[in-house]
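Asker: Structural data only, the sequence is not supplied:
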């Protein structure tokens, strides 16, 4: 999506049939003994309803996004809604918050975050000069630094006046303007358009390799990249989240050709039939998949304020102890049913000094009998990642074993299997 450098290297002409409609179709191209479905949105809610807020964040912002884009992203139903089993993102010509166009952008950050997997999206694209639909991924935690040092994976991008072509790209390397990218294009046969029918776009991301597909056809494989602050396979060895958006390029937007949008074709609609995420069941390393936190509750000691905030998917709200950190303070999460898990991430980003100075992790099936700690250690920064042998339990208890003059806070707490 960072199109300031989007000159892609390799093109293929592939003759293949196109799908014609948003009806549900089993993911037959994915071998059952290789990939396991771990997260999905089929967008099958009532017509006119909002995207599922437990899976998606709706961005409310404008400003060009580094590419001199013209749209303002809104959370209104005017710009995103469900219809006949698809998510619809609508780009419109209208004056809104000092912008001449509106559209929508959805992210799964802190609601769907993955290290490795197969990411499959079936979609029908908008058309017209200036239209820039994209399906892409960005790093959840940016542990290697700002863009592009922590990486970017573009599953599909399209330029609206080139409707037989989509692109797949990775961005990495040093700070701009010394950043690097590597990508390829996929072409439909002459006379066909990605706006005329649904097509399936997929990326398979494993340790040391990323593969791109359209309608089951492999058209690009990348195995070479770097970041200046860590060894290979960094930066593509951390968790990423999904992004769905429809941008509008203008006269200073490189990807869309430095031209004004064609207002005569607006409004335009980007249809997404489904989003499916798979983990590779045969991989010994495996993917770490964030568990669905719907219905979970949290209790804390001291009670502090806002315990539910650490489970709400928002980094703008937090739980805080309200008192300095001290040995014996704790957080208990009730997952409402036994789950299997092997990682906990407690994110204090935003109050960067409020992370646990020391911790012990306990699990329980009844919330009373806790047994011995399954993990312990010392916090070193605002994102506390705790790995341990796989556990199956309903309750998790994180006990503060350090001390500090700062309050103990958590904006988000995620559990992974």
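Answerer: Looks like it came in fine. A quick note: this is a predicted structure, and the numbers were derived from the prediction, not measured. Residues are numbered from 1 along each chain as shown.
Asker: Tell me which residues are up against stretch 137-153.
Answerer: With contacts defined as CB atoms under 8 Å, 6 or more residues apart in numbering, stretch 137-153 is touched by 1-2, 107, 109-110, 113, 119, 136, 154-155, 169-176, 179-181, 203, 205, 210, 225, 227-230, 234-236, 238-243, 347, 383. C-betas here are computed from N, CA, C, even on glycine.
Asker: rerun at 7 Å
Answerer: The contact list for stretch 137-153 (CB atoms under 7 Å, 6 or more residues apart in numbering) reads 2, 109, 113, 136, 155, 170-173, 175, 179, 203, 205, 210, 227-230, 234-236, 238-243, 383.
Asker: hmm, which of these are the buried ones?
Answerer: 2, 109, 113, 136, 155, 170-173, 179, 203, 205, 210, 227, 230, 234-236, 238-243, 383 (16 or more other CB atoms under 10 Å).
Asker: Going by neighbour count, which residues in stretch 324-334 are buried?
Answerer: Of the residues in stretch 324-334, those buried (16+ other CB under 10 Å) are 325, 329, 330, 331, 332, 333.
Asker: Stretch 372-381 now?
Answerer: For stretch 372-381, by 16+ other CB under 10 Å, it's 374, 375, 377, 379.
Asker: Can you tell me which of these is closest to residue 353?
Answerer: residue 379 (10.5 Å; CB to CB).
Asker: Quick one: residues contacting the closest one.
Answerer: Per CB under 7 Å, 6+ apart, neighbours of residue 379: 355, 356, 357, 358, 359.
Asker: Filter the residues you listed down to the ones in helices?
Answerer: For the contacts of residue 379, not one is inside helices, with DSSP state H as the criterion.
Asker: Turn those residues into JSON lines, including pLDDT.
Answerer: Shown next, in JSON lines, are those (pLDDT from 0 to 100):
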{"residue": "355", "pLDDT": "89"}
{"residue": "356", "pLDDT": "90"}
{"residue": "357", "pLDDT": "91"}
{"residue": "358", "pLDDT": "91"}
{"residue": "359", "pLDDT": "92"}
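Asker: Give me the residue ranges of this structure where confidence is low.
Answerer: 1-33, 281-288 (pLDDT under 70).
Asker: ok, 80 please
Answerer: Under the criterion pLDDT under 80, the flagged ranges of the chain are 1-34, 280-289, 315, 349-350, 352.
Asker: tell me the domain ranges of it?
Answerer: Using automatic domain parsing, the domain ranges for the chain come out as 3-285, 297-416.
Asker: For the buried residues of stretch 372-381, which two are the farthest from each other?
Answerer: By the measure CB to CB, 374 and 379 form the most distant pair in the buried residues of stretch 372-381, at 16.8 Å.
Asker: Next up, the contacts around the residue nearest to residue 241 when sequence neighbours are not counted.
Answerer: Residue nearest to residue 241 in three dimensions, not counting chain neighbours: residue 109, with 4.1 Å by CB to CB, 6 or more residues apart in numbering. With contacts defined as CB under 7 Å, 6+ apart, residue 109 is in contact with 57, 140, 241.
Asker: Reformat these as JSON lines; add distance to residue 194 and secondary structure.
Answerer: As requested, the contacts of residue 109 are exported to JSON lines (distance: CB to CB, whole Å; DSSP: H, G, I helix; E, B strand; the rest coil):
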{"residue": "57", "distance to residue 194": "26", "secondary structure": "strand"}
{"residue": "140", "distance to residue 194": "29", "secondary structure": "coil"}
{"residue": "241", "distance to residue 194": "24", "secondary structure": "strand"}
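Asker: circling back: between the contacts of residue 379, which is closest to residue 280?
Answerer: Nearest to residue 280 out of these is residue 359 (CB to CB; 30.5 Å).
Asker: Need the buried residues of stretch 372-381 in a markdown table (columns: distance to residue 149 and secondary structure).
Answerer: Converted to a markdown table, these look like this (distance: CB to CB, whole Å; three-state DSSP):
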| residue | distance to residue 149 | secondary structure |
| --- | --- | --- |
| 374 | 33 | coil |
| 375 | 29 | strand |
| 377 | 26 | strand |
| 379 | 24 | coil |
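Asker: Residue 202 versus the residue most central in space within the chain, what's the distance?
Answerer: Geometric centre of the chain, nearest residue: residue 241, 1.7 Å, by CA atoms, centre = their mean. Residue 241 sits 17 Å away from residue 202, going by CB to CB, to the nearest Å.
Asker: Now do residue 246: how many residues are near it, please.
Answerer: 27 (other CB atoms under 10 Å).
Asker: in a strand, that's where it is, yeah?
Answerer: Yes - the assignment for residue 246 is a strand, going by DSSP: H, G, I helix; E, B strand; the rest coil.
Asker: residues contacting it?
Answerer: Going by CB under 7 Å, 6+ apart, residue 246 touches 89, 91, 103, 104, 126, 131, 133, 270.
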